[in-house]
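Asks: Test case, fold it:
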Amino acid sequence: MQCFMLISYLYIWKKFNTEHPYYYETLNTIRSGSLMMIILSSIISLLANFFNINATVIAIITIIASIVGFIFGIYICKKLYKKKVSNIFKKLKEKSLLYIKLENEYINPNSESSEDSNNEEKFDSSSNSEEEEEDDNDDGDDDEEEEEEEESNSVSSSSINSEVTQSNNEKTTEKTIFFSEETLSKIDIKKDIFNSINEIVNKYEIKEQIIVFKSPKQIELICRFLRNNISMEAYQLLTSIYVEGFSQYYSNALIHIYYSYYYWYIERYYKDENNYHENYKLDVELLLKSEISSNSLSFTEIADGIKRNFLLKYYVNFLVRLMVDKQRDNTENENKEVLNKYNKYQNNAVENHISSLYILKVFFKKINQNLDNNVSAILKEVDISSFLELLMTSKSNTEKHYKFLITNFPNEKKTYLLYSTFLNIITNNYDMANKYSQYCEINSTFDINNDYKKNKSSINSLNKSEGTSTAGEKNGRKISVLKKNLNTLFMKESKIIFKIIYFLFILILIGYLVMSNCCHVYLRKLQEEISLMDGLLNVDYIATKLSRSIRLLSLYMMNDDFENVNKIKEDIITNQLPLIQEKIIPYLKRDQATEASTYPVFISSLDDDVNRGMNFYMNGYELYKKMDTFARFFINLNDDDWYNICFYDENKIQNNNERSYLNEMKDEKIQYNKENDKIVKYCYNNDSENHKNCTLQNSFNINTIQLSSYDKCIDDTVINYKEEIFDDNDTMCYEESTLKYMDNHCIRDDTPINFENNYNNYNFKEQNIKDYVFNILEESKDRINNKIDLIKKVFYIIIIVSALFCIVISFFLNMFCLITLLDERTNIQKKTLRLFKTISKSVFEDLHDLYKKNIKIIADSTNVNPEIFQKEIKKKVGMILEKSGKPRYNNTKAYICNLFMITSIVSFLVPFIICNNYIEDSISYAVNISDRKKMIEEINLYTMETVFQDRNIYPPGDSEIKLKFVLNKLKNLQNDIFYGNIGCKPIFKMNIFKEFMTKSSCKIDNSCDSITVNSRIGFNANVGSMNIDQLITEYITNSNIFYRETEVKQQFNQQNLYKEELNKNNIKETLAKYHNNDIINYQNLAIPQIQKGLSQIEDLLNADIDKNMEKSFNFVYVLRITSFILILFSLYITYKTIIKIVNDTSELVNVIFSLYLNSNTPIPDFKENN
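Replies: Numbering: from 1, shown residues only. Next up is the predicted model:
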């Protein structure tokens, strides 16, 4: 499936780069880059799955490959687009040149005869007749070869035969013959052919058909240069392209639609006031009157007559409506609309022109009023930045409207004069002003040249600063150089800050990408852990259940109880082995390569007569593989093999001598341990009174589990058989080197010991009663969890460090760099004010009068009321003046940018941490509550072994103490779950368990209905329908009753201490005792219900974790987009601030030069080192 998707993406990418379907190439490049990013990521994922690689480096490589693929896809898309367009234009050019060549050859054929002929050709350009002299020979072919072509298409053929002429000089006959135009053409063709016979025969030239376009879509593809070039030449080229396209695909409706739309678009485009290009000027009137434009509707009609689909029908109907509306607009009130349109845009241009003059007038007046104050005081009274921003807006609108008027109404001389005045007085662009002044007539009624002449005094001041007199063009270049020097002087430090800001923004984006990608990888790791969590939850449970099943299986085989054997085999095959293969082995496989545990595992062997077993060391993965192998081995054994295994010792003994020898060894063992018996007796006798007092004072309550002194005595007695509980100063030792638990037991001192009084001196720990199997599995789980935790910690640290890095860089960028940049703008304004203070006040007054006079002249010439036009600008200027003197918060943007940046990081990081902690707590909670499954099985196992009392498996009292320990542990765990002491809320307060905990129903469908009511057992349909907590509590209570009612005290007599192992003789009696035990029967009925209920709880919890995991992924995606938008918005604010500072500085330089150029003040020579 993944390969199919990869091939599909490759095909889509190739198809996409072949057609380039989007008109805007940016969309095509981004789409191509995205597809290539997906393709490379899919290839890496496919290779990782093929080679079964799950390392973290795959995620890192995928991220790098995605970035590289995105860039590579964009590069390939641009490269293929340029190559395809270049090839098409190359073919088009080749075909066009071929047409031109053929046309030239047809119009101007070769008129020179071959050099091998003896005839001479003479041209007479002044006559339209043809003279020809013939001899008496009848050769007509010679006459045709001597004909000539002249410009008037009349041919005069003159042939002089030298031999005849010499012999008959006096008999020369002159004839003039006139031919038709068609005949002359044929004669010329034949003459050219015969004159070029050698060239034609020897020349190798094959005429191949040149196919320019391979598909109709390529016609539109190469016309996309109109995105950047809309000149008349561009549309002429478009016409040539579509002429060639029509020659190939005339019956294609889409080509006619494209062609019609392009010419409708150009008409609409140049009627829009916002679309003016200074580099060229398009004659719109010529275009509107052209045959192509007038016939644009006819092309739409042709497309309408061609067979097309529903989409093309829509396009045709849409174009028809556009064309009809266009024709209607062109025919109704054309002159009136043109006049109204001109007046409208002229008024807009004049209004903005007057507004610009008014702003400058008020600005310099305000500066003049505060010129006696210091620079800081002037800045408080005059908001220079606001004035400059308002002036830039007004100037931009003025220039746009003037250009629109010049483009659409080129015959209006008044517009040129107004615009040249605007360029002179306000923008100081004398080169452009001179250019537009040339369009005006010298004797124009609109006389505004006087003001322009006054400005020449400022230009003369420039000449004084140079020391020479130059022309206007040289003055313009000098002003440009001075402006550039002053702008460089002002922006020197700001440019350095710009570079630092851009660099810091790149660092922030890199840190953010690292943080967001690490969060994504972290969640993937967490998701991988969750997918294997079922194995973690069932490791100990399956080990316990499998050992119990194999134990019962062997005993039933000894008893030839094949009915129960088949039930156990079916349970192992159906419920246990699949769980091992599908859940546990994949989980433990991550511990496959680790070293073996230090805890041994004893494995018996029937093939070795001397060593029937030996210790093996392995890790958890190897241990479970052995368990799986042995389980499959056992369930596949036949009856004979089972018989040989179960009665291996009895079959091994073949003679009475061996049997006698073993009996003697047994007697010696009993005799040897008689001395030890007094220790046990002493313990019982010493504690008898305490036991009586305890039993009398403590009433028996099935809901409480109390540890009496009698229980302690049992614990202390049995603990002496475990080597782990003794310190170096203890007086007893015990070694479990063989399966016979008392073979190497020794006593260092025969002094009786009171175990009750010394109970607290022994280290009774949990690991003292754990089996080595669970120790090995615990080590494997710890190693796996440590590896996962280490990887997650590394990513967590990277995430936190990246977030802190972004915050610190953002704080430095906005609170230092941006504020420094804003302060630098203030310093530039202070430098300007210091420059103004060097100028006389009279200059500002004259400048104020100049602007005022210009407003009056412009208003009078255009018949407008300046007060009306100044009404809106006066409000805006008044608002600026009202704010003067009030505190201005120049650093607000820096604070806003910093707030956005920190908010973007925090809004991403904090929810991620909260979601992660919730999921981690849920996983820990699931692991803790899953321990109950194992404990339920352990209680049943130890209860069963207490009934069996098999000395080949457990020493006396060992199963009892383990039963006691597991009961206490399960009871404590139940209390912690109920009261919420294991990391989550109490289970009855959790919403996911609310319905399950309050519902009273059978855990296994319809299983409670088949329960036979037995008052002695105490398990019925009502008990099976209790909620899971009540069911486990009842299970603990009944198991505790078994523990207390078991006469463990009797197990410590000599007969029971060394009782016979389970064999063929006593197995039937032992199993009967097992089946008749009411507590065990209760457990066997309750365990399926409890385990099913616990599995349902795990399923609910896993579903909740998966749901939250999916929410976390979606939440992270949303947060990534939101945070990225906030970062981009912060970048946008910073960028706009930088652009505003650059524009303010440029406008401030222009204002400074307006002051100098519009007054008689000499312009200083600004240099960077000033």
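Asks: Going by C-alpha atoms from here, please, whenever you check contacts or count neighbours.
Replies: Will do.
Asks: what about the strands in the protein?
Replies: Using DSSP state E, the strands of the chain run over residues 131-132, 175-176, 601-604, 613-616, 732-733, 746-747.
Asks: hang on, residue 774 packs against residue 541?
Replies: No - counting by C-alpha atoms under 8 Å, residue 774 stays clear of residue 541, with 10.2 Å between them.
Asks: of these two, who's got more company?
Replies: Taking other C-alpha atoms under 10 Å, residue 774 and residue 541 do not tie; residue 541 has more neighbours (20 against 17).
Asks: For the spatially closest residue to the more buried one that is not a sequence neighbour, grab the count of nearby residues.
Replies: In this structure, residue 541 finds its nearest non-sequential neighbour in residue 934, 4.1 Å apart by C-alpha to C-alpha, 6 or more residues apart in numbering. By other C-alpha under 10 Å, 21 other residues sit near residue 934.
Asks: and what of the one 5 residues further on?
Replies: The burial count assigned to residue 939 is 26, neighbours taken as other C-alpha under 10 Å.
Asks: OK, contacts around residue 1031?
Replies: Residue 1031 is in contact with 1023-1024, 1086, 1090, counting by C-alpha atoms under 8 Å, 6 or more residues apart in numbering.
Asks: Switch the residues you listed over to TSV; also include pLDDT and distance to residue 582.
Replies: Putting the contacts of residue 1031 into TSV (pLDDT from 0 to 100; distance: C-alpha to C-alpha, whole Å) gives the following:
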residue	pLDDT	distance to residue 582
1023	78	33
1024	74	30
1086	85	27
1090	86	23
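Asks: now, among these, which is nearest to residue 952?
Replies: Comparing the contacts of residue 1031 against residue 952 with C-alpha to C-alpha places residue 1086 closest, at 28.8 Å.
Asks: so how far is residue 820 from that closest one?
Replies: According to C-alpha to C-alpha, to the nearest Å, residue 1086 and residue 820 sit 76 Å apart.
Asks: for residue 966, same thing?
Replies: Distance of residue 966 to residue 820, given as C-alpha to C-alpha: 70 Å.
Asks: ok, the two, which is more surrounded?
Replies: Taking other C-alpha under 10 Å, residue 966 and residue 820 do not tie; residue 966 has more neighbours (22 against 18).
Asks: Please report how far that one lies from residue 943.
Replies: 11 Å.
Asks: Likewise for residue 859?
Replies: 111 Å.
Asks: any idea of the mean pLDDT in stretch 395-408?
Replies: Here stretch 395-408 scores 82 as its mean pLDDT.
Asks: now do stretch 844-857
Replies: Here the average pLDDT along stretch 844-857 is 82.
Asks: for stretch 423-430, same thing?
Replies: Averaging pLDDT along stretch 423-430 gives 78.
Asks: same thing with stretch 51-58?
Replies: Averaged over stretch 51-58, pLDDT sits at 75.
Asks: same thing with stretch 479-487?
Replies: When pLDDT is averaged along stretch 479-487, the result is 72.
Asks: Identify each buried residue in it, please.
Replies: Across stretch 479-487, burial judged by 16 or more other C-alpha atoms under 10 Å covers 479, 482-487.
Asks: possible to save those as TSV with distance to residue 3?
Replies: Formatted as TSV, those follow (distance: C-alpha to C-alpha, whole Å):
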residue	distance to residue 3
479	67
482	66
483	63
484	61
485	63
486	64
487	60
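Asks: Tell me the pLDDT of residue 573.
Replies: Residue 573 carries a pLDDT value of 90.
Asks: no, scratch that, I was asking about residue 158
Replies: 36.
Asks: And the one 10 residues further on, by the same measure?
Replies: Residue 168 is assigned a pLDDT of 43 by the prediction.
Asks: list the contacts for residue 1016?
Replies: residue 1078.
Asks: let's see it at 10 Å
Replies: By C-alpha atoms under 10 Å, 6 or more residues apart in numbering, the residues touching residue 1016 are 1077-1079, 1081-1082.
Asks: and which of these is nearest to residue 1040?
Replies: Proximity of these to residue 1040, judged by C-alpha to C-alpha, is greatest for residue 1079, which lies at 9.5 Å.
Asks: Tell me how far that closest one lies from residue 1019.
Replies: Separation of residue 1079 from residue 1019 (C-alpha to C-alpha): 10 Å.
Asks: So which of those two has more stuff around it?
Replies: Neighbours per residue, other C-alpha under 10 Å: of residue 1079 and residue 1019, the larger number sits with residue 1079, 25 against 22.
Asks: That one contacts residue 1018, correct?
Replies: Yes - using C-alpha atoms under 10 Å as the test, residue 1079 is close enough to residue 1018 to be in contact (8.9 Å).
Asks: Mutual contacts of the two, please.
Replies: Contacts common to residue 1079 and residue 1018, judged by C-alpha under 10 Å, 6+ apart, are residue 1038.
Asks: separation between residue 558 and residue 1042?
Replies: Distance, residue 558 to residue 1042, by C-alpha to C-alpha: 26 Å.
Asks: can I get the CA coordinates of stretch 563-570 in PDB?
Replies: Once non-C-alpha atoms are left out, stretch 563-570 reads as follows in PDB (Å, rounded to 0.1, in the frame of the first residue of the first chain):
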ATOM      1  CA  GLU A 563     -10.800 -33.800  30.700                       C
ATOM      2  CA  ASN A 564      -9.200 -31.200  32.800                       C
ATOM      3  CA  VAL A 565      -6.000 -31.500  30.800                       C
ATOM      4  CA  ASN A 566      -7.800 -30.600  27.600                       C
ATOM      5  CA  LYS A 567      -9.400 -27.600  29.300                       C
ATOM      6  CA  ILE A 568      -6.000 -26.300  30.500                       C
ATOM      7  CA  LYS A 569      -4.400 -26.900  27.100                       C
ATOM      8  CA  GLU A 570      -7.300 -25.100  25.400                       C
END
